[in-house]
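Q: I'd like to go over a predicted model; first the sequence, then the structure.
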Amino acid sequence: MSPTPPSPQSAPPSLTEVETHGVDRIPDADRTAGPLDLFRLAFGGANTFSTCVLGAFPILFGLSFWQGLAATLLGVVAGALILCPMAVFGPVNGTNNAVSSSAHLGVHGRVVGSFLSLLTAVAFFSISVWSSGDALVGGAHRLFGLSRGDLSYVVAYALFAGLVLAVCVYGFRFMLFVNKVAVVSASVLFVLGAVAFAGDFDPGYAGVFTDSADAATQSLFWPSFIGAALIVLSNPVSFGAFLGDWSRYIPASTPRRQVIGAAFLSQIATLLPFVFGLATASIIADKAPEYVDPAAPDFVGGLLAVSPGWFFLPVCLIALIGGMSTGTTALYGTGLDFSSVFPRLSRVRATVLVGALAIAFIFVGRFALDLVQSISTFATMIITCTTPWMVVMMLGFWTRRGWYDPEALQVFNRRQRGGRYWFSHGWNWRGMTAWWVSALLGVLFTNIPGQFVGPFGDLANGVDISLPLSMAVAAVLFLSLLRLFPEPRAVYGPEGARLARTVDVPVPPITGPGTQEAARAPEPSATAPN
């Protein structure tokens, strides 16, 4: 798509003005955000207590502190590298990533992105409410003697989820304000936490994989190490379906390297809450090991048990501020996208509906399921299915040389038919096949020790190879299909294709509501019965 001259930008709307934009293309005049805003939203959404909980998993899996730190670094850096290219779709197309995927999966195939964003939103909204609610109740119990019964948790979850939902209803500007506050305040509180726990922290925590461990235990080291890295990696990858929700407010003229850099650095910065969670989990394992019992781990309870009394209030503030940030970034984009999947729902109504479903899942997961096992299994399944979709999107962007037709991307949302991305009845079977085959293989080769092992999960001596396998299969299969079964020349724009063959076939015209064909249809008679 050839660059268009920038148009004058309007003043940003007030915080209390409910956002009216759906997934329609954001007008140039309304694109008042920049790469720094993207950094704040992506980092603020992860600089939270729920990320600390994910950071504790290497210790829960039996790793030492240094082994856990290595797994954390691997997960964060690999996840940031996978994620950051997904930021460019928003500025280029002015819409979210699910809508942009129409170009590679087809007008109807874009619902895959919507489905993945729904799963991700439910999972990470739930993690934020669970962890923040538990911290608030635990802190109130230590400070004021509040009962830790089920009723206390129900009230805390409901109030916290309601606050997050209210921010999402107001929309992008309010969410950006919350994250601006969260980035600074949560960072300060985590640094304060480092002071609080400095005297108890021992980097020599050995974990269970010591030289004296038996052979059966030693054989679980690499499965546990890779499993812990995948749990960490799930955090940055979870933003893949959402980056376009925020970057679409960035002007198209912004250098792409700045947008990609902002997305990458936002995830590298999450080492702050990840390492906080890792370090405090090692303290809990040493001082209060009953809280990291694999049968019933309780990181939040353990953190409160080993915290000095003066740090209870900061823990509650981290839970409140950070949880608001994670919850809003997870829920906002899914409500936005589902307003286009279900045309009778406005963005506000879709947000409320998805929020209500997520809240129901929160209570079921907290009171009827194994919470920790649910989180780790669900997070791994999300990255296994989402990462191949991201590979298809990024390779599609590369082969198309970053060229898209904004009108053709909006065909599904406008309930139209035809256009450059109609392919076969609205489905591009090349991208769809590359996605579902690689995602299925990833699930079959998944190996989460003690939780979920796919039919082929033991073929690599218990090591989980699902992610590299699914990424490699998605890349090879998608590029092969583009060569063997060329796409229409019209989808590639004026500069043509890169590394892909094309075929000259006519593009079906866009028909339906809002087109010239619809405008020529006879108006109903004024005297016709309703």
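A: Cool, got the structure. Just so it is clear, the model here is predicted, and its values are computed rather than measured. Residues are numbered from 1 along each chain as shown.
Q: Without its sequence neighbours, what residue ends up closest to Leu265?
A: Phe39 (6.2 Å; C-beta to C-beta, 6 or more residues apart in numbering). The way it works is simple: take the backbone N, C-alpha and C, and place the C-beta from them, glycine included.
Q: And the one you found, which helix or strand is it part of?
A: When elements are assigned from DSSP states H and E, Phe39 belongs to helix 35-44.
Q: With Trp436 instead?
A: helix 429-444.
Q: I'd like the distance from that helix to the chain centre, please.
A: Remark: helix 429-444 is offset 19 Å from the chain centroid, using C-alpha atoms, centre = their mean, to the nearest Å.
Q: what packs against it?
A: Counting by 3 or more C-beta pairs under 8 Å, 6 or more residues apart in numbering; DSSP states H and E, the packing neighbours recorded for helix 429-444 are helix 102-105, helix 371-399, helix 466-484.
Q: got the buried residues for the helix holding Phe39?
A: Pro35, Asp37, Leu38, Phe39, Arg40, Leu41, Ala42, Phe43, Gly44 (16 or more other C-beta atoms under 10 Å).
Q: Make a markdown table from those residues and add pLDDT and distance to Leu233 to it.
A: Converted to a markdown table, the buried residues of helix 35-44 look like this (pLDDT from 0 to 100; distance: C-beta to C-beta, whole Å):
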| residue | pLDDT | distance to Leu233 |
| --- | --- | --- |
| Pro35 | 96 | 23 |
| Asp37 | 90 | 25 |
| Leu38 | 93 | 20 |
| Phe39 | 93 | 20 |
| Arg40 | 86 | 22 |
| Leu41 | 82 | 20 |
| Ala42 | 88 | 15 |
| Phe43 | 89 | 17 |
| Gly44 | 80 | 20 |
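Q: ok, the residues you listed vs Thr120, which is closest?
A: When those are ranked by distance to Thr120 (C-beta to C-beta), Ala42 comes first, at 13.7 Å.
Q: Correct me if wrong: the closest one contacts Ala263.
A: Yes. The criterion here is C-beta atoms under 8 Å, and Ala42 meets it with Ala263 at 6.1 Å.
Q: which residues are in contact with both of the two?
A: Common neighbours of Ala42 and Ala263 (criterion: C-beta atoms under 8 Å, 6 or more residues apart in numbering): Phe239, Leu243.
Q: returning to what we had before: so what does the helix holding Phe39 touch, helix or strand wise?
A: helix 172-197, helix 243-247, helix 256-268, helix 312-341.
Q: what angle separates it from helix 172-197?
A: 50 degrees (axes from the mean of the first three to the mean of the last three C-alpha atoms, to 10 degrees).
Q: got the CA coordinates for helix 35-44 in PDB?
A: C-alpha atoms of helix 35-44 as PDB (Å, rounded to 0.1, in the frame of the first residue of the first chain):
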ATOM      1  CA  PRO A  35       5.700   4.000  19.900                       C
ATOM      2  CA  LEU A  36       6.200   5.100  23.600                       C
ATOM      3  CA  ASP A  37       2.400   4.600  24.100                       C
ATOM      4  CA  LEU A  38       2.700   1.100  22.700                       C
ATOM      5  CA  PHE A  39       5.600   0.400  25.100                       C
ATOM      6  CA  ARG A  40       3.500   1.600  28.000                       C
ATOM      7  CA  LEU A  41       0.500  -0.500  27.100                       C
ATOM      8  CA  ALA A  42       2.500  -3.700  26.400                       C
ATOM      9  CA  PHE A  43       4.800  -3.300  29.400                       C
ATOM     10  CA  GLY A  44       2.100  -2.000  31.700                       C
END
